[in-house]
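1. Provided below for reference: sequence and predicted model.
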Amino acid sequence: MSYDPQKHHRRSLRLKGYDYSKAGAYFITICTYNLQTLFGEIIDGKMQLNQLGEVVAEEWERSAQMRQEIELDYSVIMPNHLHGIVIINNVGANGHFVPQHETPLHGHFVPQHETPLRMKPRSISSLMAGFKSAVTKRINRIPYHGEQLTTPVPVWQRNYYEHIIRNETSLNQLRQYIIENPLKWEIDQLHPNNPSKW
């Protein structure tokens, strides 16, 4: 099933009063524009990155190198999306996870708009905007069928989805989900042939 902008549109929401720049761990999902399979393919349960997927992998790692406050945990690049666990330090002086209790968690992804007026430095929105911009610029410099693109093409959907990780149990469950994601691609809700809530 192909992407339907009317059916798959999601309202932009934020957790009221939550400071997205404070220390904590977040499960992030970023989807390609119109859920196009741009980054490679799943073969025998393993993701095989193409040239565009390699760009995504390089820029994801570079994101942490450029930002002292960011630590990247488990992640996986899929044909049309990326899942990653991002930790904003200080997560704990002794290296242990610090759970967040300040706001209610509704158990779903929270789409975010990357509007400059709302973006705080050292925040998830700042990280996402920088990462997505860097990937888009690099991909648009790659010749398409031997020719350089004259008009930039979109790579990412405007929003991304985040889930605040509250405790060690949730963290480990999400790590396992990331590990198993390529094995379950055929039934993944983001697979182009499957009905999607996204």
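-> That came through, no problem.
2. Spell out the secondary structure type for residue 71.
-> State at residue 71, reduced to three classes by DSSP: H, G, I helix; E, B strand; the rest coil: strand.
3. what's the spacing between it and residue 81?
-> 21 Å (CB to CB, to the nearest Å). Backbone N, C-alpha and C define where each C-beta goes, glycine included.
4. Tell me which of these two has more neighbours.
-> The residue with more neighbours, out of residue 71 and residue 81, is residue 81; 23 against 14, by other CB atoms under 10 Å.
5. which ones are touching that one?
-> By CB atoms under 8 Å, 6 or more residues apart in numbering, the residues touching residue 81 are 29, 30, 31, 32, 35, 190.
6. Which is the succeeding secondary structure element to the helix or strand bottoming out on mean pLDDT in the chain?
-> For the chain, using mean pLDDT, DSSP states H and E, the weakest element among its helices and strands is strand 110-112, scoring a mean of 46. Using DSSP states H and E, the helix or strand that follows strand 110-112 towards the C-terminus is helix 124-140.
7. Tell me the helices and strands packed up against that following helix.
-> Where contact means 3 or more CB pairs under 8 Å, 6 or more residues apart in numbering; DSSP states H and E, helix 124-140 is packed against strand 24-31, helix 51-66, strand 81-88, strand 110-112, strand 160-165.
8. Distance to residue 126 added to the ones you listed, as TSV?
-> Converted to TSV, these look like this (distance: least, CB to CB, whole Å):
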stretch	distance to residue 126
strand 24-31	13
helix 51-66	10
strand 81-88	10
strand 110-112	11
strand 160-165	12
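9. Pull the number of nearby residues for residue 26.
-> 20.
10. do residue 124 as well
-> Quick note: residue 124 (other CB under 10 Å) scores 22 neighbours.
11. Am I right that it is in contact with residue 164?
-> No: look at residue 124 against residue 164 with CB atoms under 8 Å: they stay out of range, at 9.7 Å.
12. where do the contact lists of the two overlap?
-> Common neighbours of residue 124 and residue 164 (CB under 8 Å, 6+ apart) are residue 26.
13. residues near the residue nearest to residue 70 when sequence neighbours are not counted, how many?
-> Among residues not flanking residue 70 along the chain, residue 64 sits closest, at 4.9 Å (CB to CB, 6 or more residues apart in numbering). Residues lying near residue 64 (other CB under 10 Å) number 16.
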